[in-house]
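Any chance you could fold what I've pasted below:
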Amino acid sequence: MKTVQDLCTHKQKKKMDPKIVKVIGQLVDVMLRNLTVPKYVDPGTPMIKVRIGNVVIPNTLIDMGVIIKVMTIERKEKLSIKGLRPTPTVLQMADCSVVKPKEINPTNNPYDFPIVGRNEASKRIIPIAALNSYKTRWTIKARDTKKGQLHHFNNAREDGKVFSFDLVDFDGDEIRVTCFNVIAKEFYDRIDIGRVFITSKERLKPTQNNFNHLNNEWEFILESNSEVEFCLEDNSLIPEQIFHLTRISEIENMKSISMVDIIGVVLSIDPPNIIFKRDATRIKKINIQLKDMSTCMVELTMWGGFCNKEGQKLQEMCNLGTFPILAIEAAQIVILVENLLEQLP
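From the prediction side, this is the model:
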């Protein structure tokens, strides 16, 4: 690349043997399929026309190692520099962060310099798949696809509250975020399914497979210094939902308490039942018979709140003689006398 750069620019203080230039030029012609590369004066017009296949890019900048001089707003005000103009220029820094200059020198000479504010680098958004224990800072942009209920717990150390929600990013990778106690109370009403968030400063920890079915070795713990912002721009390219579907015929060969995603036709719905839990509280449940393309059937049990909204809607559709298609995420397999699939409350 250095050789191509030298051939494309006239260096004022560097002389090369004409014979060497001729040989190298022939090699470059072979590399570029006999395309003749015009020479340009450095640093006056470092722009060339490039053809990639059938695409022609008329104004391509040759990187000649030019240093961009940046001045802060504070220094500009201290020097009382006037006559600057706004600029659409965007600078990408070495750490991939982006800076949008406020102003720039209005003249078109090599001494132009952008004016930027301190700490104006935008947050570097990384994919969920790039998270690891060696990273100390990150920013994730993802959509909430699932929100758990706010649960109360008590153990030898404390009584508290906990809830979790799942995020999916542009690449379709997922991660679970868990909130405890004060943080759970603060964020429970702020997290809505379907909304896109930009989050940072969470605590990264290994996944607890007993409570997390996502295909990710890491999960987030939201803490008091964590940042969660709503993203209002167009995010239509981020998936709304991710399913890793399992055929019903494969369930009988899977271990009990495994988590699966399934989809099937609702054949029938049993009337709702009220049962008593171990702590003497009452909870509603309904049983649904599902059948998929494998021609196998399974019984799905819905608990609690699912019986009211989703269960009632399914019941109304079945009463009208239709057979709705139902997709379930993170259903837990329970092996009894016959295959029984339960969606946990």
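
Can you pull out the low-pLDDT segments for the stretch 201-345 of the chain?
234, 335-345 (pLDDT under 70).

List the buried residues of stretch 318-338.
318, 326, 328, 329, 330, 331, 333 (16 or more other CB atoms under 10 Å). No exception for glycine: its C-beta is placed from N, CA and C like everyone else's.

what's around residue 305, how many residues?
13 (other CB atoms under 10 Å).

Roughly how far does it sit from residue 311?
9 Å (CB to CB, to the nearest Å).

coming back round to it: of the buried residues of stretch 318-338, just say which sits nearest to residue 259.
Closest approach between these and residue 259, by CB to CB: residue 330, at 5.1 Å.

what are the pairing partners of the host helix or strand of that closest one, and which direction each?
For residue 330, the host element (DSSP states H and E) is strand 325-335. Using DSSP bridges, strand 325-335 pairs in its sheet with strand 259-269 (antiparallel), strand 339-342 (antiparallel).

Mind giving me the packing neighbours of the next helix or strand along the chain from the first one?
Using DSSP H and E, the helix or strand that directly follows strand 259-269 along the chain is strand 273-276. Counting contacts by 3 or more CB pairs under 8 Å, 6 or more residues apart in numbering; DSSP states H and E, the secondary-structure elements packed against strand 273-276 are strand 282-291.

The strand it packs on: what's the following helix or strand?
Assignment by DSSP H and E places the next element after strand 282-291 at strand 297-303.

Who does that next one pair with, and is each partner parallel or antiparallel?
Sheet partners assigned to strand 297-303 using DSSP bridges are listed as strand 282-291 (antiparallel), strand 339-342 (parallel).

Could you export those as TSV, including mean neighbour count and distance to residue 273?
Formatted as TSV, the strands paired with strand 297-303 follow (neighbours: other CB atoms under 10 Å; distance: least, CB to CB, whole Å):
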stretch	mean neighbour count	distance to residue 273
strand 282-291	17	5
strand 339-342	18	13
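
Including distance to residue 149, could these go into JSON lines?
Converted to JSON lines, those look like this (distance: least, CB to CB, whole Å):
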{"stretch": "strand 282-291", "distance to residue 149": "12"}
{"stretch": "strand 339-342", "distance to residue 149": "16"}
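
Following element in sequence after the one helix or strand residue 145 maps to, please.
Per DSSP H and E: residue 145 is located in strand 139-147. The first helix or strand that comes after strand 139-147 along the chain, using DSSP H and E, is strand 151-154.

Mind giving me the packing neighbours of the next helix-or-strand element following that following strand?
Following strand 151-154 in sequence order, the next helix or strand is strand 159-168 (DSSP H and E). Applying 3+ CB pairs under 8 Å, 6+ apart, one finds that strand 159-168 contacts strand 139-147, strand 151-154, strand 174-180, helix 181-187.

Lowest average confidence across the ones you listed, which one?
Mean pLDDT is lowest for strand 151-154 among the helices and strands packed on strand 159-168, at a mean of 86.

returning to what we had before: let's see the strand holding residue 330 as CSV, backbone CA atoms only.
Taking Å, rounded to 0.1, in the frame of the first residue of the first chain, the C-alpha atoms of strand 325-335 are listed here in CSV:
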residue,chain,number,x,y,z
ILE,A,325,-51.4,-20.6,16.0
LEU,A,326,-49.5,-20.0,19.3
ALA,A,327,-45.8,-19.4,19.7
ILE,A,328,-44.3,-19.8,23.2
GLU,A,329,-40.8,-18.7,24.3
ALA,A,330,-39.0,-20.2,27.3
ALA,A,331,-41.5,-22.9,28.2
GLN,A,332,-40.2,-25.4,30.8
ILE,A,333,-40.5,-29.1,30.2
VAL,A,334,-41.9,-31.2,33.0
ILE,A,335,-41.9,-34.9,32.6
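
Fine by me, we can end here.
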